[in-house]
Every structure is written in C-alpha cells, then in structure tokens.
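Student: Fold the following, please.
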Amino acid sequence: MKTNKVKVHFYGAAQTVTGSKYLIELDDCIVMVDCGLFQGEKLLREENWKDLPFNASSIDYILITHGHLDHVGYLPKIVNQGFQGKILGTEPTLAIAKIILEDSAKIQEEEAEKANEEGYSKHHPALPLYTLEDVGNTLSLFQSQPKNNWINLAEQVSVRFRYNGHILGATFVELVINGKYFVFSGDVGREQDVLLDIPEKPEKADYLFLESTYGDRLHSREPVENKLVDLINSTIYNRGNFIIPSFAVERIQTLLIILWRMYKKNKIPNIPIFVDSPMGDRVLDVFLNYENWHKINVSEFKAMIHHVNFVSSYRETWEVIDNKQPKIIIAGSGMVTGGRVLTYLQQLIDEENTTILLVGFQAEGTRGRALQEGVKELKFFGKYYPVKAKVESISSLSAHADQNELLNWLSNLEKKPERLFLVHGEEGAMKVLKTEIHKRYQYNVYIPKLYESVSLSIDS
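Tutor: Prediction:
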C-alpha cells in the first residue's frame, strides 16, 4: 500500500558546506539529489571513506545540480557500492563533472603513490578513494537532460532542471511528487556575474532545500579590479610572485577575463600570467562548446586564451617556479586542499615578496581557511612550511549568492513553503539566514543535522 509520506535523508551538506547528498525515498522510486565529497576538516573527510548508510543499488536516479566536487565527487564511490541507476544533469554539468571526477581520481592516485614513496601516510599502503577506472564506470551512467523540460521518473514523479548561474551548466532542481514541489537550490549564483546570466527563481515550492554558504554576510561591492591593480603593481615592484589558488570551474575563467579586460584598458601592464590547472584548461573548452550557457563573446574568449600561458606538465611547473621575473600564477585548488598550487607554495610561501590571493569560500579545516585566518605555518606533503607570504582575500569574486541575493531568490514564490530546510552552510551562517528569512517572509525554517531523516507529507 502506498504511503502519503516521503522520507528525506540528509547524507551531506547539513550544517557543513560540503558533501551535498539528499536522498528522497518513495514507494516506487528512490532519488538522490547531488552526490558530493566532503572537504575540509579531517572528521568530515573521513566520511568519504564510509559506505552510504543506505542500499546504493536500490537508488533509481541521481540528479546533479552542477559539476563541483562537493556535489559530484562521491559518485564513483556510490557506483562501487552498487548503484547502477541513471545520473541526470544538464549537458555542460555532466561535461564538467567528467573533467572534475577524472582530475580528482588522478590526483588521488598520484598523492597515494607519493605518500607511499615518501612514507608520510599513516596508512600502509596509502590508497586512493577511487581510481580512473572507477570514474570510467561512473561516466557510463551519465544521461544529459535539457533545462526546463519535465522528465518523468515514475508514476506521479517528475523533475526538471532550471538555470541557476553559479557555474556553467548549474541548475536548481524541481522535483514534483504527487503534485507537491520539492525544490533543491543547489548553489545559487550571483545577480551580477562576469560570465553568467542572473539565476532564475522558483515560483512553487512546498518543500524548499536552500543553500546558505554566505547566509551571514554580504559580498563587497568594491570593484575587484581596484584590489587587483594594487596587488599586481606591488608584485611587480617587489619582483615577486602573485599566486592565486583557484577553483578550475568558473573562477579561473572569471579571473582570466577580468585580467584580460584590465590589460586591454591599460589598467595593468603585460605581466606574464601562468595557469597551472589541467582541469581549468579543459573547462575552457567546455565554455567554447556551450556558448549559449554564458555571456562572453567567443572571439573575446579566444583572445583571452591566447594572452595566457598554460602550464601543461610538471616540468613546466618547475620552469615557472625557477623563472625569477614578476608573474601571476593561477593554480588549483581553490581551498588549497591539493593540486598544483601546493608545489608553488612549497617553494614560495616562505618568501616575503610572495602574495597569495584567496578568491572563494574557504571551508573549515582547509588550508585556505588556515591562511585566511593568519596561520604562521602550513602543513602539506607531510611537512610544515613557514608562512612569510602576504595573504589577501577577495570575497566579491565568489560564485555563491550572498545573504541578500539568497533572500531575493525566494521572492517569486507564490505561497509560503510548508517547510524550508537550510543546507550547505556552516552553523553560524545558517542561524543568521534563518533569522533573516523569518523576518522578511515568516517562513517555517528548519536546520537539519548530518544523517538526520525527515518525513514529509505528499497529500494533495
């Protein structure tokens, strides 16, 4: 006998910013929205090594809001646990997810090999979370979907993906169950973005699952060019290195177009720009392939690419380090959790004429957060390195909506949701946003805990 309840399990991004996983359990269909990796503090990262506390083989669909690692990075693990359903997302989202998963697996394999060779892992042997072979098995389950089209998943269950800014291909998910609207925001983009159009807004939501990354703050309205001009001129004057740890998707492309336009307007000199992110290079191709998903003219995009030096090998990484001229280095990863940027920091973080610019959200427990908070030494590759470099931050480059933009994203709803769940945020940000939502809209707001489950009515 069918029940009139839906069970929702919060398997990630509950009172934390990473690991997005929401499981919707129905009588005739089981759906997961996003399937991301935990990042940041060790206790959270250890959750990645655990099997999902649910039978993975019973899940029919995984719906992907966008391609960031904290929304797709657990997919190979869940496939290893027996998931053989369909993974649905927009075409550019799945193209980006492919790049990110392959890069993630490659980095894990390389770091496990390095840890075993140098003996700094507590695990013997050190193993990758998943391999490139695992990623290949996952990609075979991808099925791209157009935005705005309703897709039937089961009797009385349908879904559509709607444009949400943030990164290329990103959407929010409207899941309709027996006429009830379950809306999952994914990550909400900015109202004014260099690369992307303004996010669409939901009109109906009986149950709304809203991200809250920047729920307790407003982004600076100061033009980012002003700070970049000062930092670049200082780099040239001090004959130093200007290192920008960056997310490969959207952030690298945003930085490059800003720097290109500044150069064209004679705001900055022709300082060499090196991009050391194989994944970021591949994402540029996705931008060229899906020009209707962003607002940059293709000819300008190609001119920008020709202005930049792309580092394609580890040998070239060392050539950039050994090059003593002032330069800008953009390298993954954005929270300094791994990737090529660590090699640059290993050699340059102890030099006073090095500047490090953080340009995105830095989750608790990440090296980026530690740098942001003024740590005097930083641990990576099994050793501690003194931090003598100058550390700066720019929040206005974030691809996440701030508090006011999140509140505005709710403004088209025709009626109050029966319940609004705040997810994908740290506890302090969630509490502040909960208060602001109540003040503006008087909504019933709830903050779920990690691994909590709730039963929601689907009576019409």
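Student: Just to check, Val72 is in contact with Thr65?
Tutor: No - using CB atoms under 8 Å, Val72 is not in contact with Thr65; the gap is 9.3 Å. All C-beta spots, glycine's among them, are computed from the backbone N, C-alpha and C.
Student: Give me the common contacts of those two.
Tutor: Common neighbours of Val72 and Thr65 (criterion: CB atoms under 8 Å, 6 or more residues apart in numbering): Asp34.
Student: The closest residue to Pro128 other than its chain neighbours: neighbouring residues, count only.
Tutor: Excluding its sequence neighbours, the residue lying closest to Pro128 (CB to CB, 6 or more residues apart in numbering) is Gln108, at 3.6 Å. Applying other CB atoms under 10 Å, we find 20 residues neighbouring Gln108.
Student: Quick check: Ile236 vs Val308, distance?
Tutor: 17 Å (CB to CB, to the nearest Å).
Student: Compare neighbour counts for the two and give me the winner.
Tutor: Val308 (19 against 16).
Student: Distance from the chain centre to stretch 153-163, please.
Tutor: What separates the centre of stretch 153-163 from the centre of its chain is 24 Å, taken as CA atoms, centre = their mean, to the nearest Å.
Student: again, but for stretch 72-84
Tutor: 18 Å.
Student: With stretch 148-168 instead?
Tutor: 20 Å.
Student: What is the end-to-end distance of it?
Tutor: Start-to-end span of stretch 148-168 (CA to CA, to the nearest Å) is 16 Å.
Student: Report the buried residues of it.
Tutor: 151, 153, 156-157, 159-168 (16 or more other CB atoms under 10 Å).
Student: what separates stretch 103-111 from the chain centre, distance-wise?
Tutor: With CA atoms, centre = their mean, you get 18 Å for stretch 103-111.
Student: neighbouring contacts of it?
Tutor: Against stretch 103-111 from outside (CB under 8 Å, 6+ apart): 37, 69, 73, 76, 126, 128-132, 134-135, 248, 278-279, 338-339.
Student: What mean pLDDT does it get?
Tutor: Average pLDDT, stretch 103-111: 87.
Student: So for stretch 289-300, what gets flagged as buried?
Tutor: Tyr290, Trp293, His294, Ile296.
Student: Extract the C-alpha set from it and format it as PDB.
Tutor: What follows is stretch 289-300, C-alpha atoms only, in PDB (Å, rounded to 0.1, in the frame of the first residue of the first chain):
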ATOM      1  CA  ASN A 289      31.400  24.200 -26.600                       C
ATOM      2  CA  TYR A 290      28.400  25.700 -24.700                       C
ATOM      3  CA  GLU A 291      28.500  29.400 -25.600                       C
ATOM      4  CA  ASN A 292      24.700  29.700 -25.100                       C
ATOM      5  CA  TRP A 293      25.200  28.900 -21.400                       C
ATOM      6  CA  HIS A 294      27.400  32.100 -20.700                       C
ATOM      7  CA  LYS A 295      27.600  35.700 -21.900                       C
ATOM      8  CA  ILE A 296      31.200  36.000 -23.100                       C
ATOM      9  CA  ASN A 297      31.700  36.600 -26.800                       C
ATOM     10  CA  VAL A 298      33.600  33.700 -28.300                       C
ATOM     11  CA  SER A 299      36.100  35.900 -30.100                       C
ATOM     12  CA  GLU A 300      36.900  37.700 -26.800                       C
END
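Student: Just the contacts of stretch 103-111: which are in helices?
Tutor: Among the contacts of stretch 103-111, the members found in helices (DSSP state H) are Leu69, Pro76, Leu132, Asp134, Val135, Pro278, Met279.
Student: from those, which single one is nearest Gly360?
Tutor: Leu69 (12.7 Å; CB to CB).
Student: Could you check the pLDDT of the closest one?
Tutor: For Leu69, pLDDT reads 94.
Student: do the same with the one 10 residues further on
Tutor: The model reports Val79 with a pLDDT of 97.
Student: Quick check: which ranges of the chain have low pLDDT?
Tutor: Low-confidence segments of the chain, defined by pLDDT under 70: 1-2, 120-123, 460.
Student: longest helix in it, by residue count?
Tutor: Counting by DSSP H, the longest helix found in the chain is helix 91-118.
Student: got a markdown table for the buried residues of stretch 289-300, with distance to Ile59 and secondary structure too?
Tutor: As requested, the buried residues of stretch 289-300 are arranged in a markdown table below (distance: CB to CB, whole Å; DSSP: H, G, I helix; E, B strand; the rest coil):
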| residue | distance to Ile59 | secondary structure |
| --- | --- | --- |
| Tyr290 | 28 | coil |
| Trp293 | 28 | helix |
| His294 | 32 | coil |
| Ile296 | 37 | coil |
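Student: tell me which of those residues is nearest to Ile244?
Tutor: Lowest distance from Ile244 to the buried residues of stretch 289-300 (CB to CB) belongs to Ile296, with 19.4 Å.
Student: what sits against the residue positioned nearest the centre of the chain?
Tutor: What sits nearest the mean C-alpha location of the chain, by CA atoms, centre = their mean, is His68, with 3.9 Å. Shown in contact with His68 (CB under 8 Å, 6+ apart): Gly36, Ile100, Ile167, Asp187, Phe247, Val249.
Student: what's the nearest residue to the fifth one if we skip its chain neighbours?
Tutor: In space, Phe247 comes closest to Gly334 once its chain neighbours are excluded; the distance is 3.6 Å by CB to CB, 6+ apart.
Student: Number of residues surrounding the one you found?
Tutor: 27.
Student: still on that earlier bit, how close does the residue nearest to the centre of the chain sit to Asp34?
Tutor: In this view, His68 and Asp34 are 9 Å apart by CB to CB.
Student: Go ahead and report the secondary structure state at the nearest residue to Tyr61 once chain neighbours are set aside.
Tutor: Nearest residue to Tyr61 in three dimensions, chain neighbours excluded: Val31, at 4.9 Å (CB to CB, 6+ apart). Following DSSP: H, G, I helix; E, B strand; the rest coil, the label given to Val31 is strand.
Student: Beta-bridge partners for Val31, please?
Tutor: Taking DSSP bridges as the rule, Val31 bridges to Ile24, Tyr61.
Student: Thr435 - that's part of a helix, no?
Tutor: Yes - assigned with three-state DSSP, Thr435 falls within a helix.
Student: Might you report the residue contacts of it?
Tutor: Contacts of Thr435 (CB under 8 Å, 6+ apart): none.
Student: any idea how far Ala95 is from it?
Tutor: Distance from Thr435 to Ala95, counting by CB to CB: 39 Å.
Student: same check, this time on Thr355
Tutor: 33 Å.
Student: can you give me the helices for the stretch 151-300 of the chain?
Tutor: 224-237, 251-264, 278-289, 298-306 (DSSP state H, counting those that start in this stretch).
Student: Can you spell out which helices and strands pack onto the first one?
Tutor: With contacts defined as 3 or more CB pairs under 8 Å, 6 or more residues apart in numbering; DSSP states H and E, the secondary structure elements packing on helix 224-237 are strand 241-245, helix 251-264, strand 327-331, strand 354-358.
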